[in-house]
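J.: no FASTA, just this:
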């Protein structure tokens with residue numbers, strides 16, 4: 001049974017809509033850039049991904065970027081990018097609090113536009129953060145993971 005950090009990113013992104021909290025009235029698009037993705041090609045087949053949350057709080061995710069001038073560029077900078085991405089879902093990159101994005105940026109794990117910090121922090125309100133909700137969403141998609 002694989003760990004959450006051993007499943008392909010496409011699989012994890014496919015279950016993001018199941019993790020949506022329905023955070024409404026504040027649509028946002030995150031365009032993810034994974035800077036060192038080549039080191040983990042078996043898990044991250046490409047460097048560009050998106051997460052889009054509509055006004056009803058419904059999530060849509062996939063490969064590539066959304067052409068939206070308001071999209072927030074979210075750079076994953078760490079040498080082990082998949083562990084950083086999985087950390088978003090399991091720990092909120094630390095303890096799941098909305099301030100983790102700012103702390104992770106200061107630690108050099110991620111790059112986010114400071115002028116949009118509130119929208120970046122809202123990521124943690126838009127999704128159920130934690131191993132159990134992520135494990136459950138993956139199980140509903142037919143993927144069993146043992147731990148983080």
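T.: In hand now; what should we look at? Keep in mind that what you see is a predicted model, and the values were worked out from it rather than measured. Residues are numbered from 1 along each chain as shown.
J.: state the distance from residue 56 to residue 63.
T.: Separation of residue 56 from residue 63 (C-beta to C-beta, to the nearest Å) stands at 23 Å. (Glycine included, C-beta is placed from N, CA and C.)
J.: what do you get for residue 9?
T.: Following C-beta to C-beta, the distance that separates residue 9 from residue 63 is 9 Å.
J.: anything in contact with each of those two?
T.: Counting by C-beta atoms under 8 Å, 6 or more residues apart in numbering, the contacts common to residue 9 and residue 63 are residue 49.
J.: out of those two, which sits in the busier spot?
T.: Remark: of residue 9 and residue 63, residue 9 carries more neighbours, 22 against 12, as counted by other C-beta atoms under 10 Å.
J.: chain neighbours aside, what residue packs nearest to the more buried one?
T.: residue 44 (4.9 Å; C-beta to C-beta, 6 or more residues apart in numbering).
J.: mind listing the strands for this structure?
T.: For the chain, the strands defined by DSSP state E occupy 28-34, 48-53, 59-63, 72-76, 110-111.
J.: what about this protein, any weak spots by pLDDT?
T.: Scanning the chain for pLDDT under 70 picks out the ranges 78-79, 81-82, 84, 91-109, 148.
J.: 80 instead?
T.: Counting by pLDDT under 80, the ranges of the chain that qualify are 77-114, 117, 120-121, 147-148.
J.: what is the burial count for residue 70?
T.: Other residues within reach of residue 70, judged by other C-beta under 10 Å, total 10.
J.: just the one 4 residues further on next, same as before
T.: Using other C-beta under 10 Å, residue 74 has 23 neighbouring residues.
J.: again, but for residue 71
T.: The burial metric for residue 71, expressed as a neighbour count using other C-beta under 10 Å, is 17.
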